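[1] Pasting a predicted model and its sequence here:
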Amino acid sequence: MSSRTAKVIILCEGVEDYDFARRALTRLGWNKRLFEPRICPSGSQSGEQFVRENYARELRAQRARQGIKLLVCTDADVHEVSERARQLAASLPTAGEPPRRREERVALWIPRRNLETWAYLYARAPSTRARITSTRSGTRN
Amino acid sequence: MLTRLCIDNYRCFLNFEFRPGPFTLVLGPNGTGKSSLLDALYCIHRLQSGWTHVGDLFPAESRYRGGAPERPQRFLLEATVSDIPFSYELLIEHDRRGRARLAREAMQREGRRLYEFDGTHAHLPMAGSPGDSDFPFQGHMSPLAALDLGRKSPLAPFLDWLRNLWVIRPVPQAMKAETSATTTWGLQPDLSNFAAWFQNLVQEEPRLAARITRSLRAVLPGFHGYTLARETEKTRTLRLLFRGGRRATEGSAGFALDELSDGQRMLVALYALLHEVLGTGGTLCLDEPENYLALPEIQPWLDEVRDQVVDRGGQVLLISHHPRVINLLATRYGYWFDRKGMGPVKARRIAIQEADEGLPVSELVSRGWIHE
């Protein structure tokens, strides 16, 4: 009688990214029982590579079902956010998958440089945070 | 929160040391002491939770096989409770006929010894009075368990924590719907007295019971409440109410707890424990709780447990063989229990060799490649 269907697939580099994504979405009002992680095995190839290699696969599965959302979390690392997004997009034709369309329920979360940087910034350095948000408003990465 | 546990001369443990964190996952082959670890904690908890004889909890057969018969059993618990570090030490001796007695019991708070029992005399400070207290006591049970020290005692935070330590080895088939006339203290590890425990919870903490009900509405489709209907003068039956059809107006049906499937009973118990223990900052030790859960239910429960640990300061010690649990949590929170032959158990943090990178941890466990 118990029947849960995952509605939000979170493809990410590590447990920390998954925890951040699901807790952020829960704060925004999402039902916490809908999330399903697809996480890079620890100690495996780089997390970024895992996400990039599985992006097309998860997108294909998402496109085949109604009402499923895909959230992709990957760090920008030393790249620009746009460069990381371009790398993800470039992985699709190789796998025979059409490009992501704007109306599709697929989100890319690409923190720069990584999630920990932002967590540290917000938790430990309120003065720096204030400076950055005032000078970089409109270009939030 | 339990921060360190040392066990010597108990079952498969000899000079064993273990340092759990807020969330700890215990893995290992069969027969490597995972459940015995929980048994040790449960026995120490029981020793402090009532008039329980040492010999009933630590019989001669519980000593390490192959050890010297005169060697005592030793247990050391270190825990941080309300940011205060405590340590608690037990020493149990068995005479030639195998009868157990408490040879020593001691407790420290912030490094200062506040209580000591040497097998014949107990010494402890008395709250609100200038002097200390010395009194004779026999070692068949713990003097601390026999005394009512009061909430103001400096030992109270640790004793409260230890008495509220939960060790659960769930057996859903044992969960009866009827509350017994002779309710035993606390929740039994096999959950057999769950209904009685839940009845008590409803009476003592109605808000908590309401939170559990809300959680279960999300987990069990159609569930909307429960009743504790009187069956006889002294017993009640826990029934869960489900709406029969898709529309809320359709009639509801009540199912006694033991009429539910094993998996449903497990869900009821696990979400109840989640709120009761972790929601109040307690320590919960669980032996393979996901055994009876359908695969889609494991991830939401794990997420909820980890959130409670982070948000409410609870602690979870989880034994699991489930690939989903292992792959998600082993490298971050995992300990590997192992022993050579019938030798003593060793616990090590899970570490993945460079050559095995990219393989799921559950696959490494399955192949026997963890800490070869």
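    It's in. Because the structure is a prediction, the values reported are computed rather than measured. Residues are numbered from 1 along each chain as shown, chains lettered A, B, ... in the order given.
[2] residue contacts, residue B:1?
    B:22, B:79-81, B:283, B:313, B:315 (C-beta atoms under 8 Å, 6 or more residues apart in numbering or on different chains). C-beta here means a position set from N, CA and C on the backbone, and glycine is covered the same way.
[3] Output the set of residues of chain B in proximity to chain A.
    Contact residues (C-beta under 8 Å from any C-beta of the partner chain) of chain B with chain A: B:218-222, B:242, B:261, B:263-264, B:267, B:294, B:296-297, B:299-300, B:303-304, B:306-307, B:327-332, B:352, B:354, B:356-361.
[4] Try it again at 7 Å.
    B:218-222, B:263-264, B:267, B:294, B:296-297, B:299-300, B:303, B:327-328, B:331-332, B:352, B:357-361 (C-beta under 7 Å from any C-beta of the partner chain).
[5] What residues does residue B:100 make contact with?
    Residue B:100 is in contact with B:54-55, B:58-60, B:92, B:94, counting by C-beta atoms under 7 Å, 6 or more residues apart in numbering or on different chains.
[6] Repeat the analysis, applying 6 Å as the threshold.
    Contacts for residue B:100 (C-beta atoms under 6 Å, 6 or more residues apart in numbering or on different chains) come out as B:54-55, B:58, B:92, B:94.
[7] Now which of the residues of chain B next to chain A would you call buried?
    When burial is judged by neighbour count using 16 or more other C-beta atoms under 10 Å in any protein chain shown, the buried members of the residues of chain B next to chain A are B:219-220, B:222, B:263-264, B:267, B:297, B:299-300, B:303, B:327-328, B:331, B:352, B:359-361.
[8] per-residue pLDDT, residue B:50?
    Model confidence at residue B:50, given as pLDDT, is 79.
[9] Got the phi and psi for it?
    Residue B:50 has phi and psi values of phi 160, psi -170 when expressed as degrees, to the nearest 10.
[10] Local confidence estimate at residue B:242?
    pLDDT recorded at residue B:242 is 92.
[11] Oops, could you answer that again for residue B:270 instead?
    Turning to residue B:270, the model gives it a pLDDT of 95.
[12] try residue B:277
    With respect to pLDDT, residue B:277 scores 85.
[13] Now do it: how many residues are near it, please.
    By the measure other C-beta atoms under 10 Å in any protein chain shown, the count of residues near residue B:277 is 24.
[14] cool, residue A:123 as well?
    When neighbours are counted by other C-beta under 10 Å, residue A:123 comes out with 9.
[15] host element of it?
    helix A:115-124 (DSSP states H and E).
[16] what is the mean pLDDT for that helix?
    For helix A:115-124, the mean confidence score works out to 76.
[17] and that helix, how far from the chain's centre?
    Averaging C-alpha positions (C-alpha atoms, centre = their mean, to the nearest Å) puts helix A:115-124 17 Å from its chain's average.
[18] Show me which positions of it end up buried.
    residue A:115.
[19] Now do that helix: which elements does it pack against?
    Judged by 3 or more C-beta pairs under 6 Å, 6 or more residues apart in numbering or on different chains; DSSP states H and E, helix A:115-124 is in contact with no other helix or strand.
[20] Can I get that helix in PDB, CA atoms only?
    Coordinates of the C-alpha atoms in helix A:115-124 are reproduced here as PDB (Å, rounded to 0.1, in the frame of the first residue of the first chain):
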ATOM      1  CA  LEU A 115      29.300  24.500  -2.900                       C
ATOM      2  CA  GLU A 116      31.700  24.600   0.000                       C
ATOM      3  CA  THR A 117      33.000  28.000  -1.000                       C
ATOM      4  CA  TRP A 118      29.500  29.400  -0.700                       C
ATOM      5  CA  ALA A 119      28.800  27.600   2.500                       C
ATOM      6  CA  TYR A 120      32.000  28.900   4.000                       C
ATOM      7  CA  LEU A 121      31.300  32.400   2.800                       C
ATOM      8  CA  TYR A 122      27.800  32.500   4.200                       C
ATOM      9  CA  ALA A 123      28.600  30.800   7.500                       C
ATOM     10  CA  ARG A 124      31.900  32.300   8.400                       C
END
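[21] returning to what we had before: possible to save the contacts of residue B:100 as a markdown table with pLDDT?
    A markdown table is the format used below for those (pLDDT from 0 to 100):
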| residue | pLDDT |
| --- | --- |
| B:54 | 96 |
| B:55 | 96 |
| B:58 | 97 |
| B:92 | 97 |
| B:94 | 95 |
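[22] Could you single out the nearest of those residues to residue B:188?
    Nearest to residue B:188 out of the contacts of residue B:100 is residue B:58 (C-beta to C-beta; 19.2 Å).
[23] if I look at that closest one, how far off is residue B:186?
    Residue B:58 sits 19 Å away from residue B:186, taking C-beta to C-beta, to the nearest Å as the criterion.
[24] out of those two, which sits in the more crowded spot?
    Regarding residue B:58 and residue B:186, a neighbour count based on other C-beta under 10 Å identifies residue B:58 as having more, with 25 against 18.
[25] thinking the more buried one is in contact with residue B:92, fair?
    Yes: judged on C-beta atoms under 6 Å, residue B:58 makes contact with residue B:92 at a distance of 5.0 Å.
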